[in-house]
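Need the 3D shape of this:
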Amino acid sequence: MSIDNSLKAFEEAQQLIPGGVNSPVRAFKSVGGTPLFIAQGEGGYLVDIDGNRYVDYVQSWGPLLFGHRDESIENAVIEAVKHGLSFGAPTQAESDLAKLVISMFDSMDKIRFVSSGTEAVMSAIRLARGFTGRDDIVKFTGCYHGHSDSLLVQAGSGAATFGNPSSPGVPADFTKHTLLAEYNNMESVKKCFADSKNIACVIIEPIAGNMGLVPADKEFLHELRALCDAHGTLLIFDEVMSGFRATLHGAESITGVKPDIVTLGKVIGGGMPVGAFGARAEIMAKLSPEGPVYQAGTLSGNPVAMAAGLAAISKLKNNPQVIATLNERAVRLVEGMQKEAAACGIAMQIDTRGSMFGFFFNQNPVKNFADACKSDEALFAKFHSMMLEEGFYFACSLYETGFISTATTDAMIEETIKASGRVFKALTNG
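So this is what the prediction gives:
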């Protein structure tokens with residue numbers, strides 16, 4: 001398989017763009033090799049600029065529930081473009097998509113659209129602080145909520161729960177209000193509340209997708225809800241990745257835990273840049289121009305993005321069996337790969353939620369980021385590289401989630417399982 005054109009393109013990109021990419025994970029740093037430059041998507045496939053074709057298990061990191069170039073979404077975008085790319089003024093499409101999303105989340109009365117998941121989370125936290133009049137927030141190690149300053153934190157030394165900046169350029173004064181807890185560990189959350197009486201919100205990915213796929217335990221989420229209620233603290237579910245991917249009606253519908261605020265993205269843009277946050281009317285009433293908490297964006301509610309999102313979510317709502325069908329395929333994929341790995345003496349932990357899947361080369365179950373870090377990263381890098389050679393495009397990081405689309409056929413799943421068997425045999429014999 002030749003990737004000469006990708007090699008040349010990456011060399012040029014590195015002269016023009018930091019690291020040659022516009023989002024760090026794309027650089028293939030954790031798996032080695034050269035990132036592939038993509039020419040087009042075709043349903044369940046990606047085609048690179050050398051003409052190589054890959055079964056795509058990334059699907060633009062989640063948005064493409066119906067695969068690349070879905071006809072209904074593509075037509076909606078083309079029709080919207082004919083009327084203009086952006087107006088900076090309200091359109092009916094914003095209300096139509098808002099009504100649709102709100103109808104599918106019991107926790108939402110109102111919603112605000114933005115242009116990215118990072119923007120949605122950043123705004124939701126500001127709203128929580130404005131609503132409660134408090135400054136501190138609690139987040140979980142291994143959960144990623146975008147790159148806003150207060151969320152780029154690492155664990156403090158010793159037993160400290162307050163975070164330190166994990167990136168240059170983030171002032172310590174910003175992260176001093178961020179407390180860190182361990183995912184699925186209630187005692188660590190209780191310690192945060194013991195250390196601060198000023199906690200505005202707890203933010204969590206109820207189905208974590210940025211340390212690999214690691215769902216929160218239901219019991220843990222129920223205890224978290226009770227703890228927040230006892231302290232007058234808001235609970236934010238970050239479903240930028242899992243929203244409409246794991247389930248039709250949000251994590252609240254499968255966990256029985258109702259959040260105060262939900263953040264969304266990915267699928268609600270149908271492939272276009274969109275984020276959103278929603279809550280009950282009492283909380284959203286604090287948001288400008290109705291209330292004093294300021295948030296704005298020139299391209300928020302962009303008509304082309306709204307058209308794409310409306311087409312995608314409408315199609316999903318009209319075909320609710322899609323999530324169950326895709327979960328069956330996701331289960332078949334990871335169970336098949338796990339069986340092939342076991343036959344070669346390789347331990348593999350697997351999980352799925354709807355159309356999301358994850359796997360770790362790990363002897364033990366993964367319940368949090370510390371567990372995920374014990375996985376065999378070198379083995380994953382080799383597996384990733386060899387599966388690319390076989391024609392299968394997985395996320396280029398051990399700590400990312402995979403995605404199935406409606407364009408991912410049963411035949412593709414079987415081909416992937418067989419290819420993984422060849423790769424595992426080569427890895428154990430080499």
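
From here on, just use CA atoms for contacts and neighbour counts.
Will do.

what's the average pLDDT for stretch 230-244?
Averaged across stretch 230-244, the pLDDT comes to 98.

domain assignment for this structure?
4-57+320-429, 71-318 (automatic domain parsing).

Now the terminal residues of the last one, how far apart.
With CA to CA, to the nearest Å as the measure, the ends of domain 71-318 fall 16 Å from one another.

before we move on, what about the first one?
Domain 4-57+320-429 has an end-to-end distance of 29 Å (criterion: CA to CA).

quick one: what helix or strand has residue 335 in it?
Per DSSP states H and E, residue 335 falls inside helix 321-343.

Near residue 39, how many residues? Count them for me, please.
Residue 39 has 12 neighbouring residues, counting by other CA atoms under 10 Å.

got it, and residue 269?
By other CA under 10 Å, neighbour count at residue 269 equals 27.

Just confirm it contacts residue 304, I think it does.
No - counting by CA atoms under 8 Å, residue 304 is not a contact partner of residue 269; they are 9.3 Å apart.

if we can go back for a sec, so which elements touch the helix holding residue 335?
The contact analysis (3 or more CA pairs under 8 Å, 6 or more residues apart in numbering; DSSP states H and E) places helix 321-343 against strand 349-353, strand 356-360, helix 410-429.

what about the strands in the stretch 151-300 of the chain?
153-154, 164-165, 178-182, 199-204, 207-208, 214-215, 234-239, 261-264, 275-279 (DSSP state E, counting those that start in this stretch).

Pairing partners for the helix or strand of the chain with the lowest mean pLDDT, with directions?
Lowest mean confidence among the helices and strands of the chain (mean pLDDT, DSSP states H and E): strand 164-165, at a mean of 73. Strand 164-165 has its sheet partners listed here by DSSP bridges as strand 153-154 (antiparallel).

avg pLDDT for the strand it pairs with?
Taken as a whole, strand 153-154 carries a mean pLDDT of 75.

ok, now which ones touch the most far-flung residue of the chain relative to its centre?
Distance from the centre of the chain peaks at residue 429, with 35.3 Å (CA atoms, centre = their mean). Listed by CA atoms under 8 Å, 6 or more residues apart in numbering, the contact set of residue 429 is empty.

what about the nearest residue to residue 323 once chain neighbours are set aside, how many neighbours?
Leaving aside its chain neighbours, residue 323 sits nearest to residue 354 (5.4 Å; criterion: CA to CA, 6 or more residues apart in numbering). The local packing of residue 354 (other CA under 10 Å) involves 23 other residues.

Go ahead and confirm residue 354 touches residue 326.
Yes - the pair residue 354 and residue 326 passes the contact test of CA under 8 Å, sitting 6.3 Å apart.

intersection of neighbour lists for the two?
Residues touching both residue 354 and residue 326 (CA under 8 Å, 6+ apart): there are none.

Give me whichever of the helices and strands packed on helix 321-343 is most buried.
strand 356-360 (a mean of 26; mean count of other CA atoms under 10 Å).

I'd like the next helix or strand past that one.
Remark: after strand 356-360, the chain's next helix or strand is helix 369-372, criterion DSSP H and E.

So which bits of that next one are buried?
369, 372 (16 or more other CA atoms under 10 Å).

Counting neighbours, which bits of the next helix or strand after it end up buried?
Next in sequence after helix 369-372, counting helices and strands by DSSP H and E, comes helix 377-390. Of the residues in helix 377-390, 377, 379-390 count as buried by neighbour count, 16+ other CA under 10 Å.

Which neighbouring elements make contact with helix 377-390?
Helix 377-390 packs on helix 410-429, going by 3+ CA pairs under 8 Å, 6+ apart.

Count the residues that sit near residue 95.
Neighbour count of residue 95, defined by other CA under 10 Å: 14.
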